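Peer 1: Fold the following and give me the result.
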Amino acid sequence: MGEQGKIVHVGDLAVRPYEAKDRASVRYICYVTGYMGEPIDWQWRDAKSLADAFSGYYTDREPESSFVVEAKDGEVIGYLLGCKDSTRAWAPERVVIRHVFTRGIAFMPGTAGFIWRSARDIVADSVMRRLDHSTLFDPRWPAHLHIDLLPEARGKGAGAALMRCWLDTLRAENIPGCHLGTLAENHAAIAFFESMGFRKIGKQPPVPGLRSRDGKRLHGQLMAQDLA
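Peer 2: Next comes the predicted model:
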């Protein structure tokens with residue numbers, strides 16, 4: 001299923017390899033699903049910086065490792081963005097910092113509050129020793145993925161098809177494992193990833209800046225799967 005160029009049909013949807021023409025659609029989906037599959041514009045209103053941070057590397061540097069979900073009318077309504085060697089990927093926080101210096105998003109309405117709140121969180125978490133300084137460049141799970149679906153693609157098997165395409169690709173290339181990051185509070189996502197063979201690993205550190213709709217802090221959750 002993960003063979004490059006192969007199209008997998010799931011009902012009236014098609015899962016196929018990413019193409020350059022899909023870039024704008026991927027960036028749009030990345031932004032409108034930025035908060036646990038829902039819009040994030042209520043706490044981050046700059047679509048360019050968010051899409052650069054969370055989709056830019058995959059579409060611009062490793063497009064051959066990504067897949068999309070295409071509706072019957074040709075619209076792209078979901079994606080899986082993959083990276084086979086995580087040491088090569090751009091760190092999202094570094095991309096955001098670049099936008100701070102080049103576009104001034106630390107002073108723009110819709111992003112300034114998040115950025116300054118992040119700075120306060122980092123200071124407080126450092127004092128309270130809540131920061132997680134570890135990075136997951138573990139040779140057991142060198143690959144990683146991001147997956148997002150618009151509402152019209154959900155509940156139809158498209159997410160599982162995307163995952164199988166990616167995991168089959170990794171197995172075919174003898175890549176020993178894959179990891180991903182989600183939020184500990186995103187119980188639906190965790191259940192889905194567990195159904196695809198992933199397991200929770202590591203701690204659940206608070207994510208700087210990010211808040212729930214009722215103002216509570218949210219926490220990261222790493223998951224991994226052995227493929228060898």
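Peer 1: Over to the spatially most central residue of the chain. Which of the three states is it?
Peer 2: Nearest to the mean C-alpha position of the chain, by C-alpha atoms, centre = their mean, lies residue 146 at 3.2 Å. Secondary structure for residue 146, judged by DSSP: H, G, I helix; E, B strand; the rest coil, is strand.
Peer 1: For the nearest residue to residue 206 once chain neighbours are set aside, grab phi and psi.
Peer 2: Counting by C-beta to C-beta, 6 or more residues apart in numbering, residue 206 lies nearest to residue 217, which is 4.9 Å off, once chain neighbours are set aside. Quick note: C-beta positions are derived from backbone N, CA and C, even for glycine. Reported as degrees, to the nearest 10, the phi and psi values for residue 217 are phi -70, psi 150.
Peer 1: So residue 217 is in contact with residue 205, correct?
Peer 2: No - judged on C-beta atoms under 8 Å, residue 217 makes no contact with residue 205 at a distance of 10.2 Å.
Peer 1: if we can go back for a sec, what's near enough to touch the residue nearest to residue 206?
Peer 2: Residues near residue 217 by C-beta atoms under 8 Å, 6 or more residues apart in numbering: 121, 206-207, 210-211.
Peer 1: Most neighbours among the residues you listed, which one is it?
Peer 2: residue 210 (21 neighbours; other C-beta atoms under 10 Å).
Peer 1: That one - nearest residue in space that isn't next to it in sequence?
Peer 2: residue 218 (4.8 Å).
Peer 1: Surely that neighbour forms part of a strand?
Peer 2: Yes - secondary structure assignment places residue 218 in a strand (three-state DSSP).
Peer 1: I'd guessed it sits against residue 211; true?
Peer 2: Yes - under the criterion of C-beta under 8 Å, residue 218 makes contact with residue 211 at 6.7 Å.
Peer 1: Overlap of the contact sets of the two?
Peer 2: Joint contacts of residue 218 and residue 211 (C-beta under 8 Å, 6+ apart) do not exist.
Peer 1: which one is the residue nearest to the centre of the chain nearest to, not counting chain neighbours?
Peer 2: residue 81 (4.5 Å).
Peer 1: which phi and psi does the one you found have?
Peer 2: Per degrees, to the nearest 10, the backbone of residue 81 is at phi -100, psi 120.
Peer 1: residues near the closest residue to residue 82 other than its chain neighbours, how many?
Peer 2: With sequence-adjacent residues excluded and distances taken as C-beta to C-beta, 6+ apart, residue 82 is closest to residue 65, at 3.8 Å. Close neighbours of residue 65, defined as other C-beta under 10 Å, add up to 21.
Peer 1: wait, doesn't residue 65 sit right on residue 85?
Peer 2: No - taking contacts as C-beta under 8 Å, residue 65 lies outside contact range of residue 85: 9.8 Å.
Peer 1: Quick one: the strands in this protein, in order.
Peer 2: 8-10, 13-17, 66-70, 76-83, 143-149, 177-183, 199-201, 206-211, 217-226 (DSSP state E).
Peer 1: just checking, what packs against the first one?
Peer 2: If I follow you right, that is strand 8-10. strand 13-17, helix 158-172 (3 or more C-beta pairs under 8 Å, 6 or more residues apart in numbering; DSSP states H and E).
Peer 1: list the buried ones in the last one?
Peer 2: In terms of neighbour count (16 or more other C-beta atoms under 10 Å), helix 158-172 has its buried residues at 158-159, 161-167, 169-170.
Peer 1: and the angle for it with strand 66-70?
Peer 2: Relative orientation of helix 158-172 and strand 66-70, computed by axes from the mean of the first three to the mean of the last three C-alpha atoms, to 10 degrees: 150 degrees.
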